[in-house]
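Visitor: Any chance you could fold what I've pasted below:
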Amino acid sequence: MRLKWMRPHSTAACTTSAACSRTAKTPTSSGRAGQAGVHDPAGQHAINDLKAAQFKRLRHNFLRFNVTPGNLDWFDDYSAVINNARLAAQVARAGGVGMLFDTEQYNAQLFDYRKQTNAATKTWEQYAAQARRRGREVMHAFQEGFPGLKVLMTFAYGMPWQESDAGKRPLREGAYGLLAPFLDGMVEAAEGGSQLIDGWESAYSYFEEKKFRTARQMIHQDILALVADRDKYPKVFSASFGLWMDYQWREKGWNVEQPERNPILRTSSKRSSAPPSSTRTNTCGFTPRRPAGGRTAAVHEPAPCLRRRHPPCRFSGGPTCAGFGLETRRFFAGLQCSRIGRARRRSDPRHHSPAKSH
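Guide: Predicted structure coming up:
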């Protein structure tokens, strides 16, 4: 089941054949649905999939909800968006997971004031007030479907903060300017123990501790200059970081058989036996496909070294796909590589401390 962020249009607000206007039965207090489940067959199917996942080692799991396609104005009818938000939260609660709210603009520029339909006739202040109203409505819908839920966001205030050069430029000039007042509305509406988590997806490229510390300070302190309710913000917002073990795998690949050959695990370039980055063949030993223009194609499938153990997740015309996304799949591959590395160290007597040697 895929729910969309778009204006009402027949049943097109949902990609399933069932209308998204159908409601879900209120789950039990334990976070699981009753026997009747969700009235929408697609919704019940999604719940069944979540229950069958049998999460063991991963304690916090989330159902993805995108601001996609986002092809509507903030002053348009938002009834389909609000209903989809409520339905997604109901499915998440019944399935025993939280909400992953992906605020990245994959299609329409939802948060860019300059791209709004009525930007020529309505001021930034009017749009900011309307975006804040929509933030309240979306958060209320989330909480109606799942009281006290956790909402993990790919980007929060940090994106408009960086675009504005730490508050030196007006938000109306940034592609994510309206995200700040939208989040103000979510903070305002948060209640009953609901938690908002800034996942700061830009941390995908971080491999140094100081970068994480700088980002944490930004989330907890610096961006308060953009927040409307500075007293409530620290009570409902917390920080987290997205980890992408094989970041830039299309260019550099990812080797699950020899994890020490992966760029982020190398202690120095002298110890590495992998081919230099200037060569066309990456560390996994495959050559990226290149279109006629010469640039590396954005191939939506894992590298061959991943495919042997992790079959590719099939995309259906967008950045999301059924089941786990590629990023999650790659993260599991990264965990697997970590286990391989630990096993090799344990079997290598050079890594045994004298106290533990026998």
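Visitor: Let me see the ranges of the strands in the stretch 151-300 of the chain.
Guide: 195-198, 237-239 (DSSP state E, counting those that start in this stretch).
Visitor: Please read the previous query as pertaining to the stretch 1-150 of the chain.
Guide: Under DSSP E, counting those that start in this stretch, the stretch 1-150 of the chain gives strands at 62-66, 98-102, 150-153.
Visitor: elements contacting the second one?
Guide: It stands for strand 98-102. Counting contacts by 3 or more Cβ pairs under 8 Å, 6 or more residues apart in numbering; DSSP states H and E, strand 98-102 packs against strand 62-66, helix 79-94, strand 150-153. (C-beta placed from N, C-alpha, C; glycine too.)
Visitor: again with the shortest one
Guide: Under the contact criterion of 3+ Cβ pairs under 8 Å, 6+ apart, the helices and strands touching strand 150-153 comprise strand 98-102, strand 195-198.
Visitor: winner for burial among the ones you listed?
Guide: Sort the helices and strands packed on strand 150-153 by mean neighbour count, taking mean count of other Cβ atoms under 10 Å, and strand 98-102 sits at the top with a mean of 23.
Visitor: quick one: contacts of that one?
Guide: 60-68, 88-89, 92, 142, 146, 149-154, 199, 320 (Cβ atoms under 8 Å, 6 or more residues apart in numbering).
Visitor: switch to 6 Å and redo it
Guide: 62, 63, 64, 65, 66, 92, 149, 150, 151, 152, 153, 154 (Cβ atoms under 6 Å, 6 or more residues apart in numbering).
Visitor: Please apply the same query to stretch 230-248.
Guide: With Cβ under 6 Å, 6+ apart, stretch 230-248 has contacts from 187, 190, 196-201, 203-205, 216, 219, 224, 227, 254, 330-331, 334.
Visitor: Give the buried subset of these as a PyMOL selection command.
Guide: A single PyMOL command selects the buried members of the contacts of stretch 230-248 (16 or more other Cβ atoms under 10 Å):
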select buried, resi 187+190+196+197+198+199+200+201+203+216+219+227+254+330+331+334
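Visitor: Test my guess that residue 55 contacts residue 61.
Guide: Yes. Proximity of residue 55 to residue 61 meets the contact threshold set by Cβ atoms under 6 Å, at 5.4 Å.
Visitor: When the two are compared, which one has more neighbours?
Guide: residue 61 (16 against 11; other Cβ atoms under 10 Å).
Visitor: List the residues that contact that one.
Guide: By Cβ under 6 Å, 6+ apart, the neighbours of residue 61 are 55, 97.
Visitor: Show the model's pLDDT score for the closest residue in space to residue 76 that isn't next to it in sequence.
Guide: In this structure, residue 76 finds its nearest non-sequential neighbour in residue 7, 5.2 Å apart by Cβ to Cβ, 6 or more residues apart in numbering. Looking at residue 7, its pLDDT stands at 71.
Visitor: Distance of residue 7 relative to residue 152?
Guide: 26 Å (Cβ to Cβ, to the nearest Å).
Visitor: Which one (most neighbours) among the contacts of strand 98-102?
Guide: In terms of neighbour count, residue 92 stands highest of the contacts of strand 98-102 at 29 neighbours, by other Cβ under 10 Å.
Visitor: Report the beta-bridge partner residues of the spatially closest residue to that residue that is not a sequence neighbour.
Guide: Distances taken as Cβ to Cβ, 6+ apart place residue 63 nearest to residue 92, at 4.2 Å, with adjacent residues excluded. Counting by DSSP bridges, residue 63 is bridged to residue 99.
Visitor: can you offset everything so residue one is 286?
Guide: Sure, I'll start numbering at 286, so the last one becomes residue 348.
Visitor: Assess the claim that residue 348 and residue 382 are in contact.
Guide: Yes. Using Cβ under 6 Å, residue 348 is in contact with residue 382, at 5.2 Å.
Visitor: Just the pLDDT for residue 540.
Guide: For residue 540, the predicted pLDDT is 84.
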